[in-house]
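Enquirer: okay, here's the prediction I keep looking at, along with the sequence it came from:
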Amino acid sequence: MSGSTSKKVVITRFDREPVAGFVDPQAYLQTGGVEVLSPAGSLAVVPYADIKTVCFVKDFENGEASRERRLFATRPKTEGLWVRMSFRDGEVMDGLLANNLLLLDPRGFMVAPPDPASRNQKVFVPRLALRELAVVGVVGSPLRRRKPQPVSEAQIKLFE
C-alpha cells in the first residue's frame with residue numbers, strides 16, 4: 001500500500017462480517033480485489049466477488065446500518081445520474097453517479113449515498129455485486145437549459 005493519504009472504509013460482504021480498514025484512494029482497486037489495511041496493520045485483498053459495498057466512512061463506529069436511508073425520499077438536488085442498484089441478494093439502494101463517462105471504472109461504480117447525514121460519505125459498488133443498475137433520472141442535465149428571462153423595458157441599458 002503506497003501513498004501517504006489513506007481513507008477509512010468499511011467493506012460490507014455478502015456472506016461474512018464487514019471489514020474495517022484503510023485504503024489508498026488512488027490505488028485501492030487492484031486486479032484481484034480491493035486492497036485494505038486493517039487497523040491492526042495487516043494488508044489484505046478482498047475479492048470483488050465477495051464485496052457488496054466499499055463505504056468510505058467518517059468513523060469506524062458501528063452505527064445502525066438499518067436506520068440509514070437506502071432510497072432517495074425525493075428527487076436529489078445534486079447534479080448527476082440518479083441510479084437504483086439491485087444487489088445479488090435482493091437489496092435495493094439508490095445513489096448519485098457522476099454524469100461523466102471518463103469517471104466510470106470497469107470494476108464498479110462510485111456513488112453518493114442518499115442519506116447525507118449517514119456515516120457513509122461515498123460508496124463504491126463492484127459490478128459483480130449487482131444484478132441490475134437502472135437510471136431513474138438525470139439531475140441537472142445540460143440538455144434542458146432554463147429559458148432566458150425577458151428583459152424589462154424599464155431596465156436601463158448601459159452598454160448599447
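Expert: Perfect, thanks for sending it. Residues are numbered from 1 along each chain as shown.

Enquirer: in contact with the residue most central in space within the chain, which residues?
Expert: By Cα atoms, centre = their mean, the chain has its centre lying nearest to Val111, at 1.9 Å. Counting by Cβ atoms under 8 Å, 6 or more residues apart in numbering, Val111 touches 83, 85, 95-97, 122-125. C-beta: built from backbone N, CA, C; applies to glycine.

Enquirer: that one pairs with what?
Expert: According to DSSP bridges, Leu97, Val123 are recorded as the beta-bridge partners of Val111.

Enquirer: pLDDT at it, what is it?
Expert: If you check Val111, the pLDDT there is 93.

Enquirer: tell me which strands the longest strand along the chain pairs with, and in which orientation.
Expert: Across the chain, the longest stretch assigned as strand under DSSP state E is strand 130-139. Take DSSP bridges as the rule and strand 130-139 pairs in its sheet with strand 80-87 (antiparallel).

Enquirer: in the partner strand, what's buried?
Expert: 80-85, 87 (16 or more other Cβ atoms under 10 Å).

Enquirer: what about that strand, average pLDDT?
Expert: When pLDDT is averaged along strand 80-87, the result is 92.

Enquirer: repeat that for stretch 123-136.
Expert: 94.

Enquirer: all set, thanks.
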